[in-house]
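[1] model the structure of this input:
(one chain, ligands or ions: 1)
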Amino acid sequence: MSSKSMTVIPFIAAHGYPHTQAWIAALQLALPDEHIVAFDELTEEARAACQVAIVANPDPADLKQLPQLVWIHSVWAGVERLVADLGNTDLKIVRLVDPQLASTMAEAVLAWTLYLHREIPAYARQQAQKLWQARDYVRPEERTISLLGLGALGEAAANRLLQSGFKVCGWSRKPKTIANIECFTGEHGLPAMLAKTDILVCLLPLTTDTKGLINAQMLAGLPTGASLINFARGAIVNAADLHVVLDNGHLAHAVLDVFETEPLPVADWQWQHPQVSVLPHCAAPTDRTTASRIVAENIRRYRDTGELPQTVDVARGY
Ligand code: NAP
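    Here you go, the predicted structure:
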């Protein structure tokens with residue numbers, strides 16, 4: 001591969017994205033042999049020649065102005081918007097797989113699992129009633145935490161929960177074997193896992209298969225008193241169905257970090273619901289420094305060998 005001469009790499013973000021310059025600075029530091037520039041600052045010559053771009057929710061029209069583009073490296077882990085925007089294309093998409101991101105997500109899963117496990121919502125309600133009453137202690141090994149999705153983030157979260165003594169189950173598309181984690185697969189494996197779940201944690205990608213997956217039928221498969229943590233994407237949960245099972249007491253609590261519309265509109269029911277914790281999509285923010293190093297390694301390997309990192313399977317959606 002003789003792409004060494006192509007040293008200009010555009011950083012392409014959504015128009016008005018406030019962190020473009022911070023990303024360019026971090027990426028430039030990690031890639032001193034390349035010239036990272038904002039899309040708007042590309043010369044005609046550079047536009048005509050560049051093969052790789054680094055992206056953060058780019059406008060697809062911008063990408064179309066780069067005729068030689070072979071692949072794009074997203075600085076986000078979730079790529080459903082890119083997959084939808086780009087449709088049927090030969091352009092290869094690489095998403096962020098960063099151990100730091102996995103560790104941050106595992107920490108968030110543990111933090112909010114402990115919030116539910118130690119019944120903090122119930123103690124807050126008791127305080128509001130000035131009620132002095134210790135609740136029965138439940139050991140972590142008596143609770144089963146189930147992860148929907150055992151990918152880069154799900155597996156790290158599962159292992160962090162194991163270290164804290166919980167029983168852990170996980171669900172994926174393909175069969176998996178992970179030490180001390182009970183693994184379930186496919187539609188047929190799901191009911192058995194749900195039936196033994198105390199806290200269900202969603203870390204699935206948003207695809208045509210997972211959109212609306214957490215609906216009335218699936219929620220009914222959880223034992224009464226179970227809770228939900230959604231740290232993946234809002235559209236995976238049918239919000240109206242979730243509202244019903246919270247109101248009728250089937251589900252005890254939901255911790256929601258992601259919503260179909262973000263920011264969550266002020267009139268939406270989740271803000272006010274006593275059994276919902278609303279978070280502003282903060283479970284696992286990308287770390288610009290570590291992400292830039294990962295992007296840099298992938299681009300250097302491509303420059304040296306012509307090999308692309310693992311790319312997104314557009315048909316599968318993740
Ligand atoms: P990943 O490595 O692609 O893992 C996805 C997992 O989901 C895999 O285990 C996959 O199964 C499973 N899966 C996908 N479709 C399925 C289906 N139809 N049925 C059963 N299992 C299915 O993704 P990741 O890096 O862990 O990230 C997961 C998601 O987290 C991202 O897509 C993003 O939306 C979200 N995220 C949220 C935040 C936040 O701050 N809230 C931050 C970063 C990422 P296989 O293993 O069989 O392929």
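
[2] ramachandran coordinates for the residue lying closest to residue 176 once chain neighbours are set aside?
    Of all residues beyond its chain neighbours, the one nearest residue 176 is residue 183 (4.6 Å), with distances taken as Cβ to Cβ, 6 or more residues apart in numbering. To be clear about C-beta, it is placed using only N, CA and C from the backbone, and glycine gets the same treatment. Geometry field for residue 183 lists phi and psi as phi -100, psi 140, criterion degrees, to the nearest 10.

[3] ok, the closest residue to residue 63 other than its chain neighbours to the ligand distance?
    On the basis of Cβ to Cβ, 6+ apart, the spatially nearest residue to residue 63 that is not a chain neighbour turns out to be residue 69, at 6.4 Å. Taking Cβ to the nearest ligand atom, to the nearest Å as the measure, residue 69 falls 23 Å from the ligand.

[4] ok so residue 69 is a helix residue?
    No: for residue 69, which was evaluated using DSSP: H, G, I helix; E, B strand; the rest coil, the result is coil, with no helix membership.

[5] show me the contacts for the residue nearest to residue 176.
    Taking Cβ atoms under 8 Å, 6 or more residues apart in numbering as the definition of contact, the neighbours of residue 183 are 150, 169-172, 175-177.

[6] and residue 150, how many neighbours does it have?
    Residues within reach of residue 150, counting by other Cβ atoms under 10 Å, total 25.

[7] surely it is within a helix?
    No: with three-state DSSP as the criterion, residue 150 is coil rather than part of a helix.

[8] how about the residues of this structure near the ligand?
    Contact residues (Cβ under 6 Å from any ligand atom) of the chain with the ligand: 77-78, 149-154, 171-174, 203-207, 209-210, 231-233, 257-258, 281, 283-284, 318.

[9] filter those residues to the buried ones?
    77-78, 149-154, 171-173, 203-207, 210, 231-233, 257-258, 281, 283-284, 318 (16 or more other Cβ atoms under 10 Å).

[10] in helices, which of these fall?
    When DSSP state H defines the helices, the subset of those inside them is 152-154.

[11] including distance to residue 253, could these go into a markdown table?
    Compiled in a markdown table, those are given as follows (distance: Cβ to Cβ, whole Å):
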| residue | distance to residue 253 |
| --- | --- |
| 152 | 27 |
| 153 | 21 |
| 154 | 21 |
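
[12] tell me which entries of the buried ones among the residues of the chain next to the ligand lie within strands.
    For these, membership in strands holds for 171-172, with DSSP state E as the criterion.

[13] can you verify my assumption that residue 107 contacts residue 156?
    No: Residue 107 sits out of contact with residue 156 when judged by Cβ atoms under 8 Å, with a separation of 9.5 Å.

[14] and the two? Which one has more around it.
    When residue 107 is set against residue 156 and neighbours are counted by other Cβ under 10 Å, the residue ahead is residue 156, at 22 against 15.

[15] what sits closest to the more buried one if chain neighbours are left out?
    Beyond its immediate neighbours in the sequence, the residue positioned closest to residue 156 (Cβ to Cβ, 6+ apart) is residue 102, lying 3.7 Å away.

[16] which residues touch that neighbour?
    So, once contact is read as Cβ under 8 Å, 6+ apart, residue 102 ends up touching 152-153, 155-157.

[17] can you list those in a markdown table and add pLDDT?
    Formatted as a markdown table, the contacts of residue 102 follow (pLDDT from 0 to 100):
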| residue | pLDDT |
| --- | --- |
| 152 | 98 |
| 153 | 98 |
| 155 | 98 |
| 156 | 98 |
| 157 | 99 |
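
[18] coming back round to it: identify the bridge partners of the residue nearest to residue 176.
    Applying DSSP bridges to residue 183 yields these beta-bridge partners: residue 170.

[19] and the helix or strand containing residue 47, what does it pack against?
    Assignment of secondary structure by DSSP states H and E places residue 47 within helix 44-49. Taking 3 or more Cβ pairs under 8 Å, 6 or more residues apart in numbering; DSSP states H and E as contact, the helices and strands that helix 44-49 lies on are strand 8-13.

[20] any idea of the mean pLDDT in the strand it packs on?
    With pLDDT averaged residue by residue, strand 8-13 scores 97.

[21] show me what the helix or strand just after it is packed against.
    Under the assignment DSSP H and E, the closest C-terminal helix or strand after strand 8-13 is helix 20-30. Applying 3+ Cβ pairs under 8 Å, 6+ apart, one finds that helix 20-30 contacts strand 8-13, strand 35-38, strand 52-56, helix 288-305.

[22] mind listing what's buried in helix 20-30?
    By neighbour count with 16+ other Cβ under 10 Å, helix 20-30 contains the buried residues 20, 23-24, 26-28, 30.
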